[in-house]
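J.: I would like the atomic coordinates for the input below:
(chains A and B)
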Amino acid sequence: MSNDQGFMKALKCRECGREYPLEATHVCEFDFGPLEVVYDYDKIKKSLTRKQIESRPQTMWRYRELLPVAGEPTVGFQVGYTPLVKADRLAKRLGIRELWIKNDTVNYPTLSFKDRVVSVALSRSRELGFKTVACASTGNLANSVAANAASAGLEAYVFIPSDLEHSKIVNSLVYAANVVGIKGHYDEVNRLCAEIAGKYGWAFVNVNMRPYYAEGSKSMGFEIAEQLGWTVPQHTVIPMASGSLLTKVHKSYQEFCKLGLVKETPWHIHGAQATGCSPISAAQKAGLDFFKPVKPDTIAKSLAIGTPADGFYSLRVMKDTNGHAEDVTDDEIREGIRLLAECEGIFCETAGGVTVGVAKKLIAQGKIPADDSAVLCITGNGLKTVDAIQNHVGKPQEIRPSLREFESILSPKQRSEVKA
Amino acid sequence: MPVNIRIPTPLRKLTNNEELVEVQPGTIGTAIKELQSRYPGIEERLVDENGTVRRFVNVYVNEEDIRFLKNQDTPLKEGDEVSIIPAIAGG
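T.: Residues are numbered from 1 along each chain as shown, chains lettered A, B, ... in the order given. Below is the predicted model:
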């Protein structure tokens, strides 16, 4: 490893401010507070301009100065720059003037926003000399670590709750990763992984690599602001599992302001959870600045984290930006998935259903005013959680290959559409 | 049979790199006091000025989070296993 740390300066505890070297370490030895990367913003300012960014390839790495790798990325340089879709039909259904979908259902290569964080984590792991990478996952992260490790020639261990959706399990196994199903929920997987990470010299992307990993989520916010014509949206609705994505999107807007890439206009960050696992939204609605851990029970398995590591910081971000949190039931999640699919032709996973459902609620409650503009962060693809919705979308009408049988299933109105 | 406490990596500098430490049965509170008497400085790492477990420290008794039990008053009997684990990001 060279001494040049690029645009990074150190790791710093978010609680007490103690600084640490830029190694594979994630908690403050003093108070267990999470460590965060500190950047040299003066140096970044000289190198990162709108013009520079616009001249670069359309991937998340066009904001490379604000991502924590010392050299050039070596894993996942095609990741990101997913479409920001103007969702007029959904806007009408939800009763808001303007609505945008940040569509990470088509993120490369594993169809969720996790490719962003993994691209950073694995690039940094390589810089630090690791040959084996690992993660604790609710599914999407496992898929992404398995795929990106395969393409980079790294050994991968992924740890998941054993009751995950079938397609998320297959989507990890196919890359020949070591997939370990734990009989327990994600918080238990996490606990075990913390112990394994302490014992084995692996790069655990969301344990000892967490300070680097988490920063990858900022790219979603950078892209939103750039795609809106270098403007921060008035409202951003973000699903919360550990709460990390929410805090990092907020940070991305702050950094763009600090660097003068966007004008500083007020923004509101709203958090979305499933009612069956809503420690953060319950706390926000009760006006608390701490949360009570819960035991998850929801079809939104990718959000089923009962002890959210960034729960405190998420609550603070919502408070600081006058944002709100809400949660939705399993039925409302399925309705959200169908709404997005029927209005915009985008099939999202259960976490996306949570985000759409919560946006609908917040707009109905007036917490997102009908005259405003909002962005919904849709983080994963519906093909990954088919189990959750397959019995709720109807069935194909089956007929023999006969025109008469076909016409027998048409309504009179449909039948009137015959060519003259 | 004593109670076993699994010490996480960030605290092992204080326990002379001991990964597993034995304490007497009692409660989480008495266990932390006993750790402090043997490894001075460890208490303030685990609890804040008010004596409550720091918000980024998760403590488990036999794999159950003490916040689902009785927090510091959670009883510890012979043979129980205690894990102290930093909070982890999502996945």
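
J.: Next, count neighbours for A:Gly71.
T.: Residues contacting A:Gly71 under the criterion other CB atoms under 10 Å in any protein chain shown number 14. To be clear about C-beta, it is placed using only N, CA and C from the backbone, and glycine gets the same treatment.

J.: Looking at chain A, which residue is nearest chain B?
T.: Minimum separation of chain A from chain B (CB to the nearest CB) falls at A:Ser242, amounting to 2.9 Å.

J.: Pretty sure that residue sits in a strand.
T.: No. Residue assignment for A:Ser242, taken from DSSP: H, G, I helix; E, B strand; the rest coil, gives coil, which places it outside any strand.

J.: State which helix of chain B is the longest.
T.: Scanning chain B for the longest helix, with DSSP state H as the assignment, gives helix B:28-38.

J.: Now whichever helix or strand comes after that helix - C-alpha only, CSV.
T.: Along the chain past helix B:28-38, the next helix or strand (assigned with DSSP states H and E) turns out to be helix B:42-46. This file holds the C-alpha atoms of helix B:42-46, laid out as CSV (Å, rounded to 0.1, in the frame of the first residue of the first chain):
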residue,chain,number,x,y,z
ILE,B,42,-13.1,-1.0,30.7
GLU,B,43,-16.2,0.3,32.5
GLU,B,44,-16.1,3.7,30.8
ARG,B,45,-15.8,2.0,27.5
LEU,B,46,-19.1,0.2,28.0
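
J.: What helices and strands are in contact with helix B:42-46?
T.: Judged by 3 or more CB pairs under 8 Å, 6 or more residues apart in numbering or on different chains; DSSP states H and E, helix B:42-46 is in contact with helix B:28-38, strand B:57-61.

J.: residue ranges for the strands of the stretch 1-150 of chain A, please.
T.: Using DSSP state E, counting those that start in this stretch, the strands of the stretch 1-150 of chain A run over A:8-13, A:19-20, A:35-39, A:84-86, A:98-103, A:132-136.

J.: What pLDDT is listed against residue 84?
T.: I'll assume chain A. Confidence at A:Leu84, expressed as pLDDT, is 98.

J.: Switch to chain B, please.
T.: 91.

J.: neighbours around it, how many?
T.: The tally of other residues near B:Ile84 (other CB under 10 Å) stands at 23.

J.: what sits against it?
T.: For B:Ile84, the contacting residues are B:5-8, B:11, B:46, B:57-60, by CB atoms under 8 Å, 6 or more residues apart in numbering or on different chains.

J.: Buried only: go through these for me.
T.: Among the contacts of B:Ile84, those classed as buried by neighbour count (16 or more other CB atoms under 10 Å in any protein chain shown) are B:5, B:7-8, B:11, B:46, B:57-60.

J.: re earlier: redo the contacts of B:Ile84 as a markdown table? Include pLDDT.
T.: Shown next, in a markdown table, are the contacts of B:Ile84 (pLDDT from 0 to 100):
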| residue | pLDDT |
| --- | --- |
| B:Ile5 | 96 |
| B:Arg6 | 92 |
| B:Ile7 | 91 |
| B:Pro8 | 87 |
| B:Leu11 | 89 |
| B:Leu46 | 93 |
| B:Val57 | 89 |
| B:Asn58 | 89 |
| B:Val59 | 93 |
| B:Tyr60 | 93 |
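
J.: And stretch A:374-388, end to end?
T.: The first residue of stretch A:374-388 is 27 Å away from its last residue (CA to CA, to the nearest Å).

J.: which residue sits closest to residue 69 in space, ignoring its chain neighbours?
T.: Defaulting to chain A. The shortest distance from A:Val69 to any residue other than its chain neighbours is 4.9 Å, reached at A:Ser123 (CB to CB, 6 or more residues apart in numbering or on different chains).

J.: look at chain B instead
T.: Of all residues not flanking B:Leu69 in the chain, B:Val61 sits nearest, at 6.3 Å (CB to CB, 6+ apart).

J.: show me where pLDDT drops low in chain A?
T.: For chain A, residues meeting the criterion pLDDT under 70 lie at A:1-3.

J.: Quick one: name the residues of the stretch 201-350 of chain A near chain B.
T.: With CB under 8 Å from any CB of the partner chain as the criterion, the stretch 201-350 of chain A comes near chain B at residues A:206-207, A:210, A:213-214, A:241-245, A:290, A:292-293, A:295, A:305, A:307-310, A:312.

J.: so what's residue 61 up against?
T.: As the question left the chain open, I've gone with chain A. Taking CB under 8 Å, 6+ apart as the definition of contact, the neighbours of A:Trp61 are A:67, A:73, A:77, A:79-80, A:119.

J.: I was after chain B.
T.: Taking CB under 8 Å, 6+ apart, we find B:Val61 in contact with B:28, B:69, B:74, B:76, B:80-82.

J.: now A:Asp115
T.: With CB under 8 Å, 6+ apart, A:Asp115 has these contacts: A:76, A:79-80, A:107-109, A:144, A:148.

J.: Make TSV out of those and add distance to A:Thr49.
T.: Output for the contacts of A:Asp115, formatted as TSV (distance: CB to CB, whole Å):
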residue	distance to A:Thr49
A:Gly76	24
A:Val79	22
A:Gly80	19
A:Asn107	26
A:Tyr108	26
A:Pro109	30
A:Ser144	30
A:Asn148	29
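
J.: Return the members of the contacts of B:Val61 classed as buried.
T.: When neighbours are counted using 16+ other CB under 10 Å, the contacts of B:Val61 contain these buried positions: B:28, B:69, B:74, B:76, B:80, B:82.

J.: would you list these in CSV and tack on secondary structure?
T.: Supplementary listing: the buried ones among the contacts of B:Val61 in CSV, determined by three-state DSSP:
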residue, secondary structure
B:Ile28, helix
B:Leu69, coil
B:Thr74, coil
B:Leu76, strand
B:Asp80, coil
B:Val82, strand
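
J.: which one in these is the model shakiest on?
T.: In terms of pLDDT, the weakest of the buried ones among the contacts of B:Val61 is B:Leu69, which scores 92.

J.: Can you tell me how far that residue is from chain A?
T.: Applying CB to the nearest CB, to the nearest Å, the value for B:Leu69 to chain A is 11 Å.

J.: Just read off the phi/psi values of that residue.
T.: The phi and psi values for B:Leu69, taken as degrees, to the nearest 10, are phi -110, psi -120.

J.: List the residues that contact A:Gln284.
T.: Residues in contact with A:Gln284, defined by CB under 8 Å, 6+ apart, are A:271, A:315, A:318, A:324-325.

J.: quick one on the thing from earlier: let's have the contacts of B:Val61 in CSV, adding distance to A:Lys367.
T.: Converted to CSV, the contacts of B:Val61 look like this (distance: CB to CB, whole Å):
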residue, distance to A:Lys367
B:Ile28, 40
B:Leu69, 36
B:Thr74, 38
B:Leu76, 45
B:Asp80, 46
B:Glu81, 45
B:Val82, 42
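
J.: which residues does A:Gly76 contact?
T.: If you count contacts by CB under 8 Å, 6+ apart, A:Gly76 has them with A:109, A:115, A:118-119, A:122-123, A:148.

J.: Could you identify the pair within those that is furthest apart?
T.: When CB to CB is used, the two most widely separated members of the contacts of A:Gly76 are A:Pro109 and A:Ser123, lying 14.7 Å apart.

J.: Look at those two and report which has more neighbours.
T.: Between A:Pro109 and A:Ser123, counted using other CB under 10 Å, A:Ser123 has the larger neighbour count: 25 against 16.

J.: residues in chain B within reach of chain A, list them.
T.: Taking CB under 8 Å from any CB as the test, the list of chain B residues beside chain A reads B:6, B:8-11, B:13, B:45, B:54-58, B:60, B:63, B:65, B:67-68, B:83, B:85-91.

J.: Mark which of those are part of helices, please.
T.: B:Arg45.

J.: List only buried entries from the residues of chain B next to chain A.
T.: Among the residues of chain B next to chain A, those classed as buried by 16+ other CB under 10 Å are B:8-11, B:45, B:54-58, B:60, B:65, B:67-68, B:83, B:85-91.

J.: for the longest helix of chain B, packing partners?
T.: Counting contacts by 3+ CB pairs under 8 Å, 6+ apart, the secondary-structure elements packed against helix B:28-38 are strand B:3-6, strand B:20-23, helix B:42-46, strand B:75-76.
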